[in-house]
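K.L.:
missing the sequence, but the structure's below:
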Ligand SMILES: Cc1ncc(COP(=O)(O)O)c(C=O)c1O
């Protein structure tokens, strides 16, 4: 067994996985207790009366092509949320194992760990630009099964330094997985760390179609990791995890022409983000706008309540982090359409 696989829960390594109905499209199906007729009005290609293919081949291939990795390193799930949940369940024994998180960061790592009964060690990002406290993460990581890092980080918006992340992977090579969540990477211009998988078998990278590809409602996230980790997680993902309609939608909506439109929209989004940053910085209720490598801005307000109310008065909702630890007075604004951005700016620019 590889050293990385030996980090998994022993009972999961020994688990006899659920035997789903054989997938053989060359044969007619009388083996899965499905109805032989489609529901009235079901115009899907596959037919929703049929269970979908587990880890649909075409979808896995498409994600492998988009993210430029081999199909053997790809697990597709219902959003990266499902990948986070699967990782914690496969590697952390309830009441025994722990994960490391680096607050302020995406909230689901902690929740997934708590649901599993795993401990959570918090190593805060540094005050100076929300950088990684590399030595402290390494020290904490030695006593944990998974270190969750988010780059660009939600809600602070900054990329983590690649050398810092790789130093963590290197130092924890035999003790822990390092899961780098790249949900917002497409907005940053930075290359994915998935290219470094060969050197770091304990590295796990998360990607999603929910942000840059405008497909949050489809629920499609991709975990990229060493083949043996992917094989292990395939044994515990629920049997028919990806709905047939998601597969059809994603295959249709991530063809080359749509990908070109996504790239164009990202350029528009980044121009809007920079415009918003400059104008927010000058707004009377705002004391600071943090730099961002993502599709949102973290804004520190003199009066967060007043900012929120100004947004609501023109029908716009932004995310309130003002009472979260280390984010006093902060709001997170997802960059919208040029019209929405202008409406928000005008509302908060009023003296
Ligand atoms: C950093 C980060 N990771 C993961 C997710 C969840 O993404 P998905 O829609 O792929 O489950 C989010 C959602 O906001 C996020 O901000």
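P.N.:
Looks like it came in fine. In this text the structure is predicted, and so the values were computed from the model without any measurement.
K.L.:
just checking, residue 158 touches residue 129?
P.N.:
Yes - using C-beta atoms under 8 Å, residue 158 is in contact with residue 129, at 6.2 Å. (Each C-beta comes from the backbone N, C-alpha and C, glycine too.)
K.L.:
Let me see the domain layout of this structure.
P.N.:
5-254, 257-349 (automatic domain parsing).
K.L.:
Serialize those to a markdown table and add fields for mean pLDDT and distance to the ligand.
P.N.:
Below are these laid out as a markdown table (pLDDT from 0 to 100; distance: least, C-beta to the nearest ligand atom, whole Å):
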| stretch | mean pLDDT | distance to the ligand |
| --- | --- | --- |
| domain 5-254 | 97 | 2 |
| domain 257-349 | 97 | 9 |
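K.L.:
will you turn those into CSV that also has mean neighbour count?
P.N.:
Listed next are these as CSV, based on neighbours: other C-beta atoms under 10 Å:
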stretch, mean neighbour count
domain 5-254, 18
domain 257-349, 17
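K.L.:
so what sits against both of residue 158 and residue 129?
P.N.:
Common contacts of residue 158 and residue 129 (C-beta atoms under 8 Å, 6 or more residues apart in numbering): residue 291.
K.L.:
mind listing the strands for the stretch 151-300 of the chain?
P.N.:
Here the stretch 151-300 of the chain has its strands, by DSSP state E, counting those that start in this stretch, at 177-181, 203-208, 221-224, 286-289, 296-301.
K.L.:
Look up the pLDDT of residue 1 for me, please.
P.N.:
If you check residue 1, the pLDDT there is 66.
K.L.:
Residue numbering should commence at 723 henceforth.
P.N.:
Yes, from this point I'll number from 723; that puts the last item at residue 723.
K.L.:
Check which helices and strands whichever strand or helix holds residue 1070 is in contact with.
P.N.:
Taking DSSP states H and E as the definition, one finds residue 1070 inside helix 1060-1071. With contacts taken as 3 or more C-beta pairs under 8 Å, 6 or more residues apart in numbering; DSSP states H and E, helix 1060-1071 sits against helix 978-1003, helix 1026-1035.
K.L.:
which residues make contact with that helix from outside it?
P.N.:
Taking C-beta under 8 Å, 6+ apart as the rule, helix 1060-1071 contacts 990, 994, 997-998, 1001-1002, 1004-1008, 1029, 1032-1033, 1035-1038, 1040, 1055, 1057-1058.
K.L.:
Please compute how far that helix lies from its chain's middle.
P.N.:
28 Å (C-alpha atoms, centre = their mean, to the nearest Å).
K.L.:
cool, and stretch 862-878?
P.N.:
The answer for stretch 862-878 is 12 Å, by C-alpha atoms, centre = their mean.
K.L.:
now do the same end-to-end measure for that stretch.
P.N.:
For stretch 862-878, the first-to-last residue distance is 22 Å (C-alpha to C-alpha, to the nearest Å).
K.L.:
show me what contacts residue 844?
P.N.:
822, 823, 824, 825.
K.L.:
out of those, which are inside strands?
P.N.:
The members of those that map onto strands under DSSP state E are 822, 823.
K.L.:
residues touching residue 961, list them.
P.N.:
740, 742, 773, 776.
K.L.:
Now do the helix holding residue 1070 against helix 1026-1035, angle only.
P.N.:
140 degrees (axes from the mean of the first three to the mean of the last three C-alpha atoms, to 10 degrees).
K.L.:
can I assume residue 797 sits in a helix?
P.N.:
No - according to DSSP: H, G, I helix; E, B strand; the rest coil, residue 797 belongs to no helix; its state is strand.
K.L.:
hang on, it packs against residue 942?
P.N.:
No - Residue 797 lies out of contact with residue 942 (C-beta under 8 Å); the separation is 11.6 Å.
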